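In: Output the structure for:
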Amino acid sequence: MIVVDIETSGLYPEKHGIWQIGALDFYNSQNVFLEEARIDDEDEISEEALKIIGKTKAELRNKRKQSQKQLLENFSSWTNNVKIENCLCQNPNFDLDFIMQKARKYNLKMPIHYRAFDLHSIVALKYHQLHGNFLIKEDHSDMGLTNILEFCGIQDNRKAHNALEDAKLTAECFSRLVYGEPLIKEYSQYKIPTGLTR
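Out: Take a look at the predicted model:
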């Protein structure tokens, strides 16, 4: 299973670009992918995205970096070495829609299967089982990655977003929620909450 996260220059694939893809093989967590690209000249950059990723416009348009097309081709090649090509994402609608639309733009084959496991839904159901309600804020789910990490017993030490770090955190939370077990050594100091252990 491919655990994937992307970092972008904004929220909308039709007008923003992918500058970073991070992924790992859930069943072989040492098999990882992390690459960056420059966004296309026509891609817009939102100020909110720059705050989240801790980058500048110049860094996202750096001509020395590979193109988004090359980034997607490299990611596609990496996925060929993963046995189960379904994805796991914290928010698959966002990540996979971006990847699909950019692959279409460059006339590339979609590098991953369209069916995906959604960490948000899994953790929301587990939270409901334990607490009898969903975590809601301002009339919508408040299960972003920060709250998911807290629920799974992991301290959120992220400053700027990094796609591989977020993919690893997604994989670790999935393992704790579904199997009641840790997955990645660097998070082993965080105890699994009682409600998630078997």
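In: going forward, measure contacts between C-alpha atoms and count neighbours the same way
Out: Fine.
In: Following the record's annotation, map out the domains of this structure.
Out: According to automatic domain parsing, the chain comprises the domains 2-116, 119-196.
In: Which other helices and strands does whatever helix or strand Ser76 lives in contact?
Out: Under the criterion of DSSP states H and E, Ser76 resides in helix 68-79. Judged by 3 or more C-alpha pairs under 8 Å, 6 or more residues apart in numbering; DSSP states H and E, the packing partners of helix 68-79 are strand 18-25, strand 28-36, helix 92-105.
In: what element comes up after the last one heading to the C-terminus?
Out: If I follow you right, that is helix 92-105. strand 116-118.
In: Which strands border that following strand, and is each parallel or antiparallel?
Out: Its sheet considered, strand 116-118 pairs with strand 87-89 (parallel) by DSSP bridges.
In: any residues touching the partner strand, and which ones?
Out: Contact with strand 87-89 is made by 1-5, 95, 112-113, 115-119, 167, 170-171, as judged by C-alpha atoms under 8 Å, 6 or more residues apart in numbering.
In: Buried subset of those, written for PyMOL?
Out: Per 16 or more other C-alpha atoms under 10 Å, the buried members of the contacts of strand 87-89 correspond to this PyMOL selection:
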select buried, resi 1+2+3+4+5+95+112+116+117+118+119+167+170+171
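In: which one among the contacts of strand 87-89 gets closest to Glu42?
Out: Checking the contacts of strand 87-89 against Glu42 by C-alpha to C-alpha gives Asp95 as the nearest, at 20.0 Å.
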